[in-house]
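Engineer: output the structure for:
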Amino acid sequence: MNEEQGKMKLLVNRSPQSGAYIENLWKHACKHFSIQTQQPTNALVLGVGGGTVISLLSGYFPKIKQTCVDIDKAIIDIAQKYFNIRSDRYIHIVQADAKLYVKKLLGQNRTFDCIIVDLSVGPHIPSFIEQKQFIVQLKKLLSPKGFLCINYLREKEYKMKSDHLFVTLTSLFSTVKDYGIALNRFFFVQC
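Structural biologist: Residues are numbered from 1 along each chain as shown. Model prediction:
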């Protein structure tokens, strides 16, 4: 934990997980994909970190109900203590493995207008994110008017993996857009 441009910054294994830098990446991606023009009433956020995405969604859509999932209790505690991310009537924080929680939601026939995948452990992204089976599960959780946004990397070993993810997404969704900024590659898809 330290400060960056007057805001708290969360680092995991020296990799930024939250703070001004990450907020800037997300704002550029949201603007590029015109996310603010969407009208989601609920969201599934996979990856809490310091709550950057949670705060952005609350800012864009003040009445959106968010289910926010993170596997690491320590990260959730940090988000609550240092970034003021707390469960309330609009935000529900769940400590769970995102992959298993998605399966649980499928069993409950839940759908979401917005799904955000922002999962990383320091500079590493779990391999299941690029797997077709996981993407199909996310698609089943999307409402007909919904959108899915994935924050991925595009450097070193992730260049080919992000290309593979793009191919998988285009095989499953009618609208697929990507946006590269810094070391990240964002994907935006709709049914």
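Engineer: what residues are up against the nearest residue to Thr111 once chain neighbours are set aside?
Structural biologist: Spatial nearest neighbour of Thr111, chain neighbours left out: Ser143 (4.4 Å); criterion: C-beta to C-beta, 6 or more residues apart in numbering. Every C-beta, even on glycine, is put in place using the N, C-alpha and C of the backbone. Applying C-beta atoms under 8 Å, 6 or more residues apart in numbering, we find Ser143 in contact with Thr111, Phe112, Asp113.
Engineer: beta partners of the second one?
Structural biologist: Just to be clear, that refers to Phe112. Leu142 (DSSP bridges).
Engineer: and for it, the neighbour number?
Structural biologist: Phe112 sits with 23 neighbouring residues when counted by other C-beta atoms under 10 Å.
Engineer: how far away is it from Asn184?
Structural biologist: Look at Phe112 and Asn184: by C-beta to C-beta, to the nearest Å, they are 22 Å apart.
Engineer: kindly report the same for the last one.
Structural biologist: When distances are taken as C-beta to C-beta, Asp113 and Asn184 turn out to be 23 Å apart.
Engineer: where does pLDDT dip in this structure?
Structural biologist: 1-14, 16 (pLDDT under 70).
Engineer: residue boundaries of the strands in it?
Structural biologist: In the chain, the strands defined using DSSP state E lie at 2-4, 7-12, 15-18, 42-46, 65-70, 91-95, 112-117, 142-153, 175-181, 184-190.
Engineer: for the nearest residue to Gln190 once chain neighbours are set aside, what are its contacts?
Structural biologist: Using C-beta to C-beta, 6+ apart and skipping the chain neighbours, the partner closest in space to Gln190 is Thr175 (4.3 Å). Residues counted as contacts of Thr175 (C-beta under 8 Å, 6+ apart) are Phe188, Val189, Gln190, Cys191.
Engineer: may I see the PyMOL selection of the buried members of those residues?
Structural biologist: This is how PyMOL selects the buried members of the contacts of Thr175, with burial counted by 16 or more other C-beta atoms under 10 Å:
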select buried, resi 188+189+190
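Engineer: in TSV, list the contacts of Thr175 along with distance to Ile64.
Structural biologist: Output for these, formatted as TSV (distance: C-beta to C-beta, whole Å):
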residue	distance to Ile64
Phe188	17
Val189	19
Gln190	17
Cys191	19
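Engineer: which one of the contacts of Thr175 is nearest to Leu100?
Structural biologist: When the contacts of Thr175 are ranked by distance to Leu100 (C-beta to C-beta), Val189 comes first, at 22.5 Å.
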